[in-house]
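**Q** Fold the following, please.
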Amino acid sequence: MSAHPRNVFVVGLDEANLRTLRAVPHAGELRLHPLLTIEELQHGEVDVPDLIDKARHVLDEFDGPVDAIVGYWDFPVSTLVALLAQEYGTRATSLESVVKCEHKYWSRLVQREVVTEHPRFGRVDLDTADPRPPEGVRFPMWLKPALSYSSELAYGVGDLAEFRTAVDQIRQGIHRVGRPFEYILDQLDLPEEMAGVGGRVCLAEETLNGVQVAVEGYERDGEITVYGVLDSINYPDSTSFLRHQYPSALPEPVQERLREVSKRVMRHIGWQLATFSIEFFYDPATDGISILEINPRHSQAHAELFAYVDGMPNHHCMLALALDEDPAMPVRQGPYALAAKWYYRWFADGIVREVPSPEELARIEKEIPGVRIDIVPDDGQRLSDVDQQDSYSYEVAHIFTGGADEHELREKYDRCVAALRLAFDRPTDPAADRTTDPAT
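**A** This next block holds a predicted model:
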C-alpha cells in the first residue's frame, strides 16, 4: 500500500460495515469517508440527480485527493459508484456493465446470448386490464420488477389468480425504484432490444428448483477470478433465507461449472475492475444449474463469513481493486472451518418491545466466541416500517457464527437467539400475516 494515507469514499457507509472495513489488511493506511447516508440512498423514492449533486458537493469540497469511490449496496449505490468514478477519474467498472447486471430483463437478454443456464422468462404488461403470463412461461413462476431493493415486490405465484394479485401489488409499488432507474437508463446508448423498455417493467420467470448458491468474484487485468462459493439455505417451506453458509457443501465438479458460467457471463457483460456476486440454483435431481440473478457488487452480507474462514473479509477485494492493489484473497487462513450468516426472522407484523443495547450485544458476543450480532429494527419500531424486507417475512437480527461444523454453527445461533430475548407486541391494526408463501 501507499506510504501516505489514501482517501476512500464509501457510498452508503454504515456502522456494521465500518467495523468490517477496518479489519482489511492495511486498513490503518486508509481514510474512510462516508458519502451519502443510507437514509438518503434507500428511503422513499430516491432522486438520482439530487444524490449526484450532493456527492459532488462533498467530493469537490474535500481538501485532498479522492483516491477511490466504492460501495457494496445495490441501486442506486452501484450506479452512483460507476457515474462518480467516471467523473472523478477513480477505478470502477462501466455504468453500462452495472445496468446490464441490475436491470433484470436486460440481464436475462444478455445472459441468453452466452449461456443456457437460466429460466424461461418474459415481460408482463402492467398496463392491460387483463394481465397474462408471457407466452411459453409456465406456472409456478416469480413476478418481479426489473429493479427492486432486496426481494421487495418479488412474488411467487402458482396460478392466474395469484398472478393477478401480484401484478396489482407490483403496479402500486414499482415507481419507487423504477422511476429513478429510468434516469440511469437515459445516460446510456441502449441496444434495440431495450428500446422503450424503461425501468418500470415487470418480469416473469419460471420458478427454479434445488439448492441456492452464490458465487463471488472480481475482474482485474483481463482475468476474472472466483474467490468463493457459498450455500444459501431457506427456512423450511419458505423462500426466505435462513442462512448463508461458507464454504459451499456442493461437489467440486458442480462448483467448477458454477465458476465457469460465472466467468463466461461476466466477460460478456464487459465487467472490469470490480467485484460481483451471482446467485444460482443447482438442482441435484437433474444436475442442472441456472442463474437466478447477477449483482454488480460483492455481498457485504458475506464479509464476516470470509473473515471467519479465509481470514479476511471480502471488502478487501473491493478496496484493493479501487486502489490498484492486489485483490487476491487468502484461502482457509481464518480461525474456523465453517461460517454462517443467519437471518432471524418474524413472519407476522409486530412492534419491537425492547432492543438489546450495544453493551448487551458486546456481552453476548464475548460469552459466545465466534459470533457477531446486528439488530435490524430500532427500539419500538413496527416491523412493516423497516425498509428492504422481502415479501414474506421481516428480518429482526443478523447473526454471524463461525465453527468447526454445522452443529456448532446452529448451536451458537440458538444460544444467540435465546440471549437476545427479542419480544414483539401485536399491532392494534395488524398488517397482513406473512406466513403464506405462494411459491411453496
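**Q** all helices of the stretch 251-400 of the chain, in order?
**A** Assigned by DSSP state H, counting those that start in this stretch, the helices in the stretch 251-400 of the chain fall at 252-269, 303-310, 315-322, 358-367.
**Q** for the stretch 101-250 of the chain, what spans make up the helices?
**A** So, for the stretch 101-250 of the chain - with DSSP H, counting those that start in this stretch - the helices run 104-114, 160-173, 175-185.
**Q** For the residue minimising distance to the centre of the chain, which non-adjacent residue is spatially closest?
**A** Centroid-nearest residue in the chain, with Cα atoms, centre = their mean: Ser299, separated by 5.6 Å. Distances taken as Cβ to Cβ, 6 or more residues apart in numbering place Ser277 nearest to Ser299, at 4.6 Å, with adjacent residues excluded. In this view, the C-beta of every residue, glycine as well, is placed from N, C-alpha and C.
**Q** Excluding chain neighbours, what is closest to Phe181?
**A** Nearest one to Phe181, counting by Cβ to Cβ, 6+ apart, is Gly199 at 3.4 Å.
**Q** what number of residues lie near the one you found?
**A** Residues near Gly199, counting by other Cβ atoms under 10 Å, number 23.
**Q** before we move on, what about Arg200?
**A** Residues near Arg200, counting by other Cβ under 10 Å: 18.
**Q** give the contact list for the closest residue to it other than its chain neighbours.
**A** In space, Arg200 comes closest to Gly178 once its chain neighbours are excluded; the distance is 3.5 Å by Cβ to Cβ, 6+ apart. When contacts are counted by Cβ atoms under 8 Å, 6 or more residues apart in numbering, Gly178 touches 145-147, 198-201.
**Q** can you give me phi and psi for the closest residue to Thr207 other than its chain neighbours?
**A** Counting by Cβ to Cβ, 6+ apart, Pro140 is the residue found nearest to Thr207 once chain neighbours are left out, at 4.3 Å. Per-residue torsions, Pro140: phi -70, psi 150 (degrees, to the nearest 10).
**Q** OK, contacts around Pro140?
**A** Pro140 makes contact with 156-158, 206-207, 439, according to Cβ under 8 Å, 6+ apart.
**Q** what about it, distance to Ser148?
**A** 19 Å (Cβ to Cβ, to the nearest Å).
**Q** now Trp73
**A** Going from Trp73 to Ser148 by Cβ to Cβ gives 13 Å.
**Q** hmm, back to that, among the helices of the stretch 251-400 of the chain, which comes closest to Leu83?
**A** Of all these, it is helix 315-322 that lies closest to Leu83, at 14.8 Å by Cβ to Cβ.
**Q** Give me the contacts around the closest one.
**A** 8, 17, 20-21, 24-25, 30, 67-70, 72, 90-92, 218, 220, 227, 273-275, 297-298, 300, 303, 325-327, 329.
**Q** separation between Asp374 and Gly350?
**A** Plainly put, Asp374 is 19 Å away from Gly350 if you go by Cβ to Cβ.
**Q** if you count what's nearby, which of those two comes out ahead?
**A** Neighbour totals were compared for Asp374 and Gly350, and Gly350 leads with 22 against 17 (other Cβ under 10 Å).
**Q** now the helices of the stretch 101-250 of the chain as JSON lines including distance to Gly288 and mean pLDDT?
**A** Formatted as JSON lines, those follow (distance: least, Cβ to Cβ, whole Å; pLDDT from 0 to 100):
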{"stretch": "helix 104-114", "distance to Gly288": "15", "mean pLDDT": "97"}
{"stretch": "helix 160-173", "distance to Gly288": "25", "mean pLDDT": "96"}
{"stretch": "helix 175-185", "distance to Gly288": "31", "mean pLDDT": "93"}
